[in-house]
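Student: would you be able to build a 3D model of this:
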Amino acid sequence: MSQVAALYGFEFTMPFSAGGLEFQPLHGEYSRARVLARDSSKHNLTGTVSAPTLSQDQLFQLEAVLSFIEHLEVLVSKPVNDIAAVNKPEDHFELHVVTPGRHNGGGAVLGSDAFGAWRNSRSTFIGLALKHLADAEYCQRTRFNSLLYKSVETFRQRRPFLEISWFLLVSGLEAFCRASLADYTTKNAAVPITSVLKNYGFNVYQDDPANLQRSISTYLHIRNALFHQGDYSTTVRMNDSEVALDCLQYFFNLQMLTSLTVMKAIGFDDGHMNWDCWIDRQLHR
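Tutor: Residues are numbered from 1 along each chain as shown. I've put the predicted structure just below:
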């Protein structure tokens, strides 16, 4: 007997397998699937996921992974013990779930499976992400699960607060980088973060007043201003230069850099990611 759960708000147009799960879309037409998935007023039924058994841990992890891809909250229902729900999900599940609203986290970070270039991008990412989340040793050693969940929580908040989102992103990134290097003693968090990101191939600096977007210290200085002073902007000394920093100016950079780090951490690369999109805002190449 198979268990089937409904997916609400995840865009896909073709059946696929990933992480031992079977995914079946409700609509094969891209325009219809996209409209339903990107609806910010409610969570629409967009397909199903099935397996011989669907544990609560699996469903929790899957919600986070699918939400990460969309950068919008995706919901997974409680499973039913009826394989017929795969072909007729509308007969077994509600067509939509009304919530206080879905907060856009900046747009989906992976391309649609309706287009050849990204045909397997989503399924590949799901498989890799679920594999790493299920690896207790890896998560313990790197805090990868914390990095992913904190990234997702920035837009799953019912009312996103910028300072909370900033803290989630920076703390998740710092914890992951410190754990990956087993470096819990270096006082300046920019040191381990810069080291790990450089190893992943990102063009970053620890401190560079001439290139504040790429300077990890920029994001740490803003975190300190937000939490210790309650200020959205601050002026600091960086390499003997005085620089003004505004969190609104740098939030996109931090959020996208963290998302790209999640991808690097699980070895995802579909050949079309622009790994410098956190700077130039061009997601694909």
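Student: okay, now the nearest residue to S41 once chain neighbours are set aside: neighbour count?
Tutor: Nearest non-adjacent residue to S41, counting by C-beta to C-beta, 6 or more residues apart in numbering: G101, 6.7 Å away. Placement of C-beta: from N, CA and C, glycine included. Residue neighbour count, defined by other C-beta atoms under 10 Å, stands at 12 for G101.
Student: go ahead and confirm G101 touches D39.
Tutor: No: with contact defined as C-beta atoms under 8 Å, G101 does not count as touching D39 (10.3 Å).
Student: buried sites along stretch 94-111?
Tutor: For stretch 94-111, a neighbour-count test (16 or more other C-beta atoms under 10 Å) marks H96, R102, H103, G105, G106, A108, V109, L110, G111 as buried.
Student: oh, I was asking about stretch 17-26
Tutor: Under 16+ other C-beta under 10 Å, the buried positions of stretch 17-26 are A18, G19, L21, F23, Q24, P25, L26.
Student: please enumerate the strands of the protein.
Tutor: For the chain, applying DSSP state E gives strands covering 3-8, 16-18, 21-25, 43-51, 75-76, 96-97, 233-238, 241-246.
Student: re earlier: dump the residue contacts of the residue nearest to S41.
Tutor: The contact partners of G101, by C-beta atoms under 8 Å, 6 or more residues apart in numbering, come to S40, S41, R158.
Student: out of those residues, which end up buried?
Tutor: In these, nothing passes as buried (16+ other C-beta under 10 Å).
Student: quick check, nearest of the residues you listed to M14?
Tutor: Proximity of the contacts of G101 to M14 (C-beta to C-beta) peaks at S40, which lies at 24.5 Å.
Student: do you know how far the nearest residue to the closest one once chain neighbours are set aside is from F10?
Tutor: Take S40 and drop its neighbours on the chain: the residue closest to it by C-beta to C-beta, 6+ apart is R102, 4.9 Å away. Distance, R102 to F10, by C-beta to C-beta, to the nearest Å: 12 Å.
Student: good, wrapping up.
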